[in-house]
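Student: I'll drop the sequence and a predicted model, then ask my questions.
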Amino acid sequence: MIVAMQESSTEDQIQHVIDQLVRMGFEVHRSTGARQTVLGGVGAPHDFDTREVEMMPGVQEVHRITAPYKLAGRNFRPEGTVVKFTNGLEIGGKKVVVMAGPCSVESREQMFAVSELIAKAGARVLRGGAFKPRSSPYSFQGLGVDGLKLLREAGDHFKLLVISEVMEISQIPLMMPYVDIFQVGARNMQNFNLLRELGKVRKPLLLKRGIAATLEELLLSAEYLLSGGNYEIILCERGIRTFETYTRNTMDISAIPIIHKLSHLPMTADPSHGTGRRDKVAPMARASVAAGADALLIEVHHQPEKALSDGAQSLYPEQFAKLMDELRMIAPAVGREIA
Ligand code: PEP
Ligand code: MN
């Protein structure tokens, strides 16, 4: 941490700040210029609050120089994390993995129809929510364990891995036999009790960015999982809340290269929730691959107009197939391939 003292600060105030830094666990290096004193605190403990120093008399400004997370940081594993599955699929390697499927699992017919179409187009992971976080309690809430069984059955039938959202701790053991990847949704990114329990799980997990979460907060949430010993974490940008109302959320494409710089964890893009509009999903998916996304999560429905959730942002099967063709052209331009 760097502390710049005010020009008018007294020797007493400077000494108080030095004492405080030492109490916080820093080794302090002082440089006294012609007008101003600057204190450098090194050997930082990971958890400290810069405001404790900022608020002290005589302090002008304080800058943090180390990240508040350590296991999620790029330095922890400079070569990057590759999440490997038993069928040979990898997320975080050279190949970009496309995960697709309906927002919610609705019926056997629906799951088989959608799975067949997305598998044929080249998706490798089937998505489908069985426990749904809906903004209204009157909306369809998901089929629960019956939905998980349908998801697994369709996935196995078309040789697709499966991903589904876990909303609370009690669902973890129920989901364990059915899913290959746990999904933690935007609304639960900071459900720290849930994250702690999922840290104990030994199965890949996709953590979505919260609706109003900074990237630092996303990485601190990942830190909860990693510190529990679950290292198979995949992050996901799914759009954030801004003042723009044209789209459901604002898809932050810049999150992809930023996460790649700050962290070793693979980064996914979800342009479906990122835009909330079917006609804007393909452009944002293409942009995400161009920006370096390791995977995509895309909602596809065989009959979007009849979908029980998120139909307006679900692609028609033909749109998805066309998008896959486009992605196969874009990926090589940035040194990647589609898995
Ligand atoms: C979903 O994937 O269907 C979902 C609910 O996503 P999010 O948590 O990003 O809203
Ligand atoms: Mn959805």
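Tutor: Yep, it's here. Ligands and ions are numbered 1, 2, ... in the order given.
Student: interface residues of this structure facing ligand 1?
Tutor: 103, 129, 133, 185-187, 208, 238, 273 (C-beta under 6 Å from any ligand atom). Bear in mind the C-beta positions are built from the backbone N, C-alpha and C, glycine included.
Student: same thing but at 5 Å, please
Tutor: 103, 185-186, 208, 238, 273 (C-beta under 5 Å from any ligand atom).
Student: closest to ligand 1 among those?
Tutor: Comparing the residues of the chain next to ligand 1 against ligand 1 with C-beta to the nearest ligand atom places residue 185 closest, at 2.8 Å.
Student: any idea how many residues pack against that closest one?
Tutor: Residue 185 is flanked by 22 other residues according to other C-beta atoms under 10 Å.
Student: again, but for the one 3 residues further on
Tutor: Neighbouring residues of residue 188 were enumerated by other C-beta under 10 Å; the total is 22.
Student: same question, the one 5 residues further on
Tutor: Burial measure for residue 193: 11 neighbouring residues, criterion other C-beta under 10 Å.
Student: for it, pull up the helix or strand it's in.
Tutor: Assessed by DSSP states H and E, residue 193 sits inside helix 192-199.
Student: what residues does that helix touch?
Tutor: For helix 192-199, the external contacting residues (C-beta atoms under 8 Å, 6 or more residues apart in numbering) are 166-169, 172, 182, 184, 188, 205, 221, 224-230.
Student: after the lengthiest helix in the chain, next one along is what?
Tutor: Criterion DSSP state H: the longest helix present in the chain is helix 317-333. Next helix or strand after helix 317-333 toward the C-terminus (DSSP H and E): strand 337-338.
Student: who does that next one touch, helix- and strand-wise?
Tutor: strand 95-101, helix 317-333 (3 or more C-beta pairs under 8 Å, 6 or more residues apart in numbering; DSSP states H and E).
Student: same thing but at 6 Å, please
Tutor: Secondary-structure packing of strand 337-338 (3 or more C-beta pairs under 6 Å, 6 or more residues apart in numbering; DSSP states H and E): helix 317-333.
Student: neighbours of the one residue in the chain that gets nearest to ligand 2, just the number please.
Tutor: Taking C-beta to the ion, ligand 2 has its nearest neighbour within the chain at residue 103, 3.3 Å off. A count of neighbours around residue 103, defined by other C-beta under 10 Å, yields 25.
Student: need the contact list for residue 140.
Tutor: When contacts are counted by C-beta atoms under 6 Å, 6 or more residues apart in numbering, residue 140 touches 308-309.
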